[in-house]
Every structure is written in structure tokens, then in C-alpha cells.
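# Return a 3D structure for these sequence lines:
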Amino acid sequence: MAIDRRRFLIAPLALAATVTRGEVVYPQVTAGTALAFPRDHGAHPEFRTEWWYITGWVDDGDGRDFGIQITFFRTRPGVAEDGGSRFTPTQLLFAHAAVADPRAGKLRHDQRAARSGMGLAEAALETTDVRIGDWSLQLAGQKYTANVAARDFAFALTFSARQPILLQGERGFSRKGPRAEQASFYYSRPQLTAAGALTLDDRTLRVNGGAWLDHEWSSAFLAPGTQGWDWIGINFDDGGALMAFRIRANDGSVHGSGGTLRTASGSVRTFEPAAIRFTALRYWRSPRTGIVYPVAFRIEAGSLALALEPLFDDQELDSRASVGTVYWEGAVRALEHGRPIGRGYLELTGYGGALKI
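This is a model prediction of the structure:
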């Protein structure tokens, strides 16, 4: 199937290699492709999957902390694209939103799903502007605005960038497996300033804090035998930031890992796989699903060693009604020699069964 360059605005290098599903051709993520902004803040509908992901910590000014998470997913299913019907789901959008509320002792969370178009859901090409109904994430200048109206919570938050974009991996090319094509285009925006309104139990709180944004897109499937992944994004109190991940195989080995450290002075170090290590320190069993998660970790990234402790243990998110999986997505504190030095989020997938993506 030919790809319409005018419609999808694909860079020539991105077309150098493809992966296929039936008659559908997906462009492959290739090393050396330069990301271009503001265009790459927007959607890449020719690729198989993509997500925009914001996590953060906010407080209400009275010493009460909350974790905040909003993720929009876009997928190109590659089914009946030449059918000619405007009802054909050539692009599907999903969204997860959650508030980690320590007083509730568990996540408040909700999810949405819709096909793109017909005024129901859209992901713009030119910049970040993705929405499903009255849920949205939009970028204007250096500010992201997120609006979510869920079943038992709501938030209207602004996330302001105060640092440069952080390209992950090799200038935005992030390896995710043993083969070169098992990769994504990936950048982050750490140290966002968060402010706005959070509504819980019909009470609206003014909140402030810090956040992290990831934007990632790919056409690759996970390597055969992949179980899931562990990921962290940590904003340090001194202004630095750390991202680290590992892709776990179902035989206990690691298919891929990596990480990036930006120091308070702005210098950036990218870690080779051997420099990243996750060591579980404590486990928690979900009373709902029976899944056991390692909710506290020792993280090593080169010479840096951190301990991660969750805001509370029960931060399991059940998204079987949308993307079909259950995972742990939680606010965590980072400690060095027992001293708190930062806050961020830990994501744990594939602990209840092998992840399919």
C-alpha cells in the first residue's frame, strides 16, 4: 500500500525502512533521524503506536500531596484502511487518567477510548493537541494544558516548560530490544511546573507542583519473549532529572535497557544498557487482581544509586476496558543515602502476564 507523503508528512529518512502487517506498511524507526519541533510535538499517524504521557506531584498548600497522571495513546490498527468508509477505524485513541490520593489509599482512575474523527476524538499533526470528548492535552508555546473530567475526580492543570527538550537514547532514537528495528522515537520534558485545580469528592483544590512529559512513537512490536518493562522518570530537587528503563524477558533476562541523566548544570549523560540496574527492595500484592509488584527499588545509573519508595503501595491501574492490561503506575520518592532528593513516577508492566504491544 502506498503512503501519501502529503497527508502524513513523513521525513524521507523515516521511509528508508518499513515494517508490515498484512498489506499495511508502517515506517520503521531509524537511527540518525533528526527530530524537528514543533512538528514532532504532534501526532505521527503513519506509525503503529504513540503516546503522550504526563506524570507529576502536586500539593494543596496544606501539606497534602497527590500524584497526577494523564496518558493519551494513539494506534493505527492497520485494518481495512482502503475500505473507503469514513467509519473505518484507521486511528484509535485511548486515554488513562489517575490521581494518587494517599487518604483514599489507592488510585482514583478512569479511562476513555474512541476512534479518531467525527468530532469524537482527534490527534493533531502540527503540535500536541489530542482529545477524546472532554478530555484533552494541548500545547501552546511552552505550556501544556490538561483537562480531565472523570467519574470521581477532575483536574484542569497547566504544565509549563522551564528546561530544554531532553532527547532520549541516541538523539531521540531509543533502542527497546536486541534488534535495531526494536526502537522508538522518544523525547522528554522534565521539570515542568504544574499548577491548577484538582476536584475530589465535589471539593476543588488549588494545587501546585512539578511534572514530567514523555512523547514516544514507534512501529515496532516488542521482541519475542518480552514480559514487560519497568520505567522511572525522576525530577530531582536541584533541577536535574533521570529517566531509566529496562525491558524484561519472560526468562528473567533483560531485552533492553537505557537511561539519561541531566544534571542541575544542564550537562547530559546517556547510559549504556550495562550501566542501568533495577533491584527490587519490597513487594506488594494487589487485593483485587492478586498480582505481585516490586513497588520499592534500588536504581543504579552509572555511579548514581537511588532508592525509590512509593507514595503508597496501592497504585495499580486496571485498564482492561481500554488497552486490555493491568499495570502499576505510581508516584515515588527518590532517596540517596536515606535523604529525599527528588520525586517522580515508576511504571511497572507485565507482572500479571506478558504485555502485548
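# And stretch 311-327, what's buried?
For stretch 311-327, the neighbour count (16 or more other CB atoms under 10 Å) marks 311-319, 322-323, 325-327 as buried. From N, CA and C alone the C-beta is placed, and that goes for glycine too.
# whoops, I mixed them up, stretch 133-146
Buried-residue list, stretch 133-146, by 16+ other CB under 10 Å: Trp135, Ser136, Leu137, Leu139, Tyr144, Thr145, Ala146.
# got the contact list for the first one?
The one in question is Trp135. Applying CB atoms under 8 Å, 6 or more residues apart in numbering, we find Trp135 in contact with Ile70, Phe72, Ala95, Ala97, Arg112, Asn147, Val148, Ala149.
# from memory the fifth one sits against Gly133, does it?
Yes - the pair Arg112 and Gly133 qualifies as a contact (CB atoms under 8 Å) at a distance of 6.5 Å.
# what is in contact with the two at once?
Common neighbours of Arg112 and Gly133 (CB under 8 Å, 6+ apart) do not exist.
# Would you format the buried residues of stretch 311-327 as CSV with secondary structure, pLDDT and distance to Gly177 included?
Shown next, in CSV, are these (DSSP: H, G, I helix; E, B strand; the rest coil; pLDDT from 0 to 100; distance: CB to CB, whole Å):
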residue, secondary structure, pLDDT, distance to Gly177
Leu311, coil, 97, 31
Phe312, coil, 97, 33
Asp313, coil, 97, 30
Asp314, coil, 96, 31
Gln315, coil, 96, 27
Glu316, strand, 94, 26
Leu317, strand, 88, 24
Asp318, strand, 86, 27
Ser319, coil, 79, 23
Ser322, coil, 63, 25
Val323, coil, 64, 20
Thr325, coil, 82, 19
Val326, strand, 90, 23
Tyr327, strand, 92, 19
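# which one of these is nearest Ala334?
Ala334 lies nearest to Leu311 out of the buried residues of stretch 311-327, by CB to CB, at 12.0 Å.
# Might one say that that closest one is in contact with Ile68?
No - Leu311 lies out of contact with Ile68 (CB under 8 Å); the separation is 11.3 Å.
# Show me where the stretch 51-200 of the chain dips below the pLDDT cut-off.
80, 82-89 (pLDDT under 70).
# ok, now the stretch 251-357 of the chain?
Using pLDDT under 70, the flagged stretches of the stretch 251-357 of the chain are 321-324, 357.
# one step back: could I get the contacts of Trp135 in CSV, plus columns for distance to Arg179?
Shown next, in CSV, are the contacts of Trp135 (distance: CB to CB, whole Å):
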residue, distance to Arg179
Ile70, 32
Phe72, 28
Ala95, 30
Ala97, 34
Arg112, 33
Asn147, 39
Val148, 37
Ala149, 42
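# which ones among the residues you listed are found in strands?
The members of these that map onto strands under DSSP state E are Ile70, Phe72, Ala95, Ala97, Arg112, Asn147, Val148, Ala149.
# Contacts only, for the fifth one.
The reference is to Arg112. Arg112 touches Leu93, Phe94, Ala95, Ile132, Gly133, Trp135, Ser322, counting by CB under 8 Å, 6+ apart.
# Show me which of these is closest to Trp217.
Closest to Trp217, out of all of those and judged by CB to CB, is Leu93, at 13.6 Å.
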